[in-house]
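A.B. asks: Quick one, fold the following:
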Amino acid sequence: MIFSKSLIDDQGITAMERVLPLLAKYNGNTYNYVKVRGKSYLMTYDSKKADDSFYAQRNYYLKDITISMDDVEEIYALHFWVTYKDIVEGLNDWLVDEGQPLHQVPDIIKEEVGLAVMHDKKGDSWIQHDKNAASKIVKLDECEKLRIEKHIIYYQGSDVDEKSNTEVSREEFKNTIIMCRRENN
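C.D. replies: Numbering: from 1, shown residues only. Next comes the predicted model:
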């Protein structure tokens, strides 16, 4: 097992599953992977990906699963990183805050991503939106490198703990962020 017992809460949810949005490959499609009170589900907002084994729940579809099912190929999380030189902050590598409450809304369609710091802003290019929280929006063409980190926790019948970090094109970076949005899974 990947996680020690101390990292599993009383509902059977691991620290990773609570913090990271997880995706699952199942029958050639990508779904959201959700674990609630120790039960595992595939979730989609796309009715075309919901076959007869899924049931409707408000505006989405669920399928009860056990991750040992033959058809569950992998369960993983994706993180998006950019290399962006910010003179004020002095950092080069940034985790993109896609989906986080930045009080600014970056638009990946326009090739914008949000960056955040957990302290007061140090320069005018940053927007202060709370004590010890500031953010800014940057364009992908301002970034030297774009990388996708994939953290696999389950692969073809086995629990694993594998990370890969791949430099990608601007188009692949943008399309993968769009694919990861909940309404596209």
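
A.B. asks: Which secondary structure element is home to the residue lying farthest from the centre of the chain?
C.D. replies: For the chain, the residue at maximal distance from the C-alpha centroid (CA atoms, centre = their mean) is D124, at 28.9 Å. D124 belongs to no helix or strand when assigned by DSSP states H and E.

A.B. asks: Next: I177.
C.D. replies: Going by DSSP H and E, I177 is in helix 170-180.

A.B. asks: what packs against that helix?
C.D. replies: On a contact count with 3 or more CB pairs under 8 Å, 6 or more residues apart in numbering; DSSP states H and E, helix 170-180 meets strand 72-83, strand 145-155. (Glycine included, C-beta is placed from N, CA and C.)

A.B. asks: Which of those has the highest mean neighbour count?
C.D. replies: strand 72-83 (a mean of 19; mean count of other CB atoms under 10 Å).

A.B. asks: okay, now the domains of the protein?
C.D. replies: 5-77+149-166, 85-143 (automatic domain parsing).

A.B. asks: In TSV: those, plus mean pLDDT.
C.D. replies: Listed next are the domains of the chain as TSV, based on pLDDT from 0 to 100:
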stretch	mean pLDDT
domain 5-77+149-166	81
domain 85-143	81
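
A.B. asks: Figure out which of those domains is closest to K174.
C.D. replies: Among these, the nearest to K174 by CB to CB is domain 85-143 (5.5 Å).

A.B. asks: which residues touch Y84?
C.D. replies: 92, 94, 115, 138, 142-144 (CB atoms under 8 Å, 6 or more residues apart in numbering).
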